[in-house]
Structure formats: C-alpha cells, structure tokens
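Asker: Show me how the following folds:
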Amino acid sequence: MTVSKRLAEKKVAKFEKNVTRRGLGSASSKKGFEPAHIVLILFAVLVVASFIFQVVRMAMSDGIPDENGIDS
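Answerer: Residues are numbered from 1 along each chain as shown. Here you go, the predicted structure:
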C-alpha cells in the first residue's frame, strides 16, 4: 500500500469516527443553567414574590385600596 493510500484511509477513518460522534456535544459539557435560564427564573421569582406581597398587603389593610392607590 502506498503512503498516499494509507494517508487517505487514515483521513477517512478519522472522518467516520467524527461522524458517529457529531451532535453528542463535548465530553465535558456544561453543567448547570445557562444565563438566560437564570434570568428567567429570577423574573418568575420576582413576579410570584410581588404577587404574594400584594395579597398580604391587601389582607392587612382590610380590602381593596381606593382608586387613587393610596390606602386610608
């Protein structure tokens, strides 16, 4: 077998090995959340906490505030 034939077969074998691994991600893939997920979670916590705060505030002030938004 000539050198160029061996080199070509080595390249083909390397390509075939790469094709079977394609799409699997790296072996040391990221663990944890991406920044977009963290921002979305923080926003959801903020919305839920604000809702709970408003419900508690309304319960302590005996009902719905007047149309000006100022509790009496």
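Asker: Please enumerate the helices of the chain.
Answerer: Applying DSSP state H to the chain gives helices spanning 3-21, 35-60.
Asker: which strands and helices sit next to the shortest one?
Answerer: If I follow you right, that is helix 3-21. Here helix 3-21 touches no other helix or strand, going by 3 or more C-beta pairs under 8 Å, 6 or more residues apart in numbering; DSSP states H and E. Where you see a C-beta, it was placed from the backbone N, CA and C, and this is true even at glycine.
Asker: Alpha carbons only: can I get that helix in CSV?
Answerer: The C-alpha coordinates for helix 3-21 follow below in CSV (Å, rounded to 0.1, in the frame of the first residue of the first chain):
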residue,chain,number,x,y,z
VAL,A,3,1.8,6.3,1.5
SER,A,4,-0.9,8.4,-0.1
LYS,A,5,-3.4,5.4,0.1
ARG,A,6,-2.6,4.9,3.8
LEU,A,7,-2.9,8.6,4.5
ALA,A,8,-6.3,8.7,2.7
GLU,A,9,-7.6,5.8,4.6
LYS,A,10,-6.5,7.4,7.9
LYS,A,11,-8.4,10.5,7.0
VAL,A,12,-11.5,8.5,6.1
ALA,A,13,-11.3,6.6,9.4
LYS,A,14,-10.9,9.9,11.3
PHE,A,15,-13.9,11.4,9.4
GLU,A,16,-16.1,8.3,10.1
LYS,A,17,-15.2,8.4,13.8
ASN,A,18,-16.1,12.1,13.9
VAL,A,19,-19.4,11.5,12.1
THR,A,20,-20.6,9.0,14.7
ARG,A,21,-19.8,11.5,17.5
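Asker: can you put the helices of the chain in TSV and add mean pLDDT?
Answerer: Below are these laid out as TSV (pLDDT from 0 to 100):
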stretch	mean pLDDT
helix 3-21	83
helix 35-60	94
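Asker: Using a markdown table, lay out those together with mean neighbour count.
Answerer: Converted to a markdown table, the helices of the chain look like this (neighbours: other C-beta atoms under 10 Å):
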| stretch | mean neighbour count |
| --- | --- |
| helix 3-21 | 9 |
| helix 35-60 | 10 |
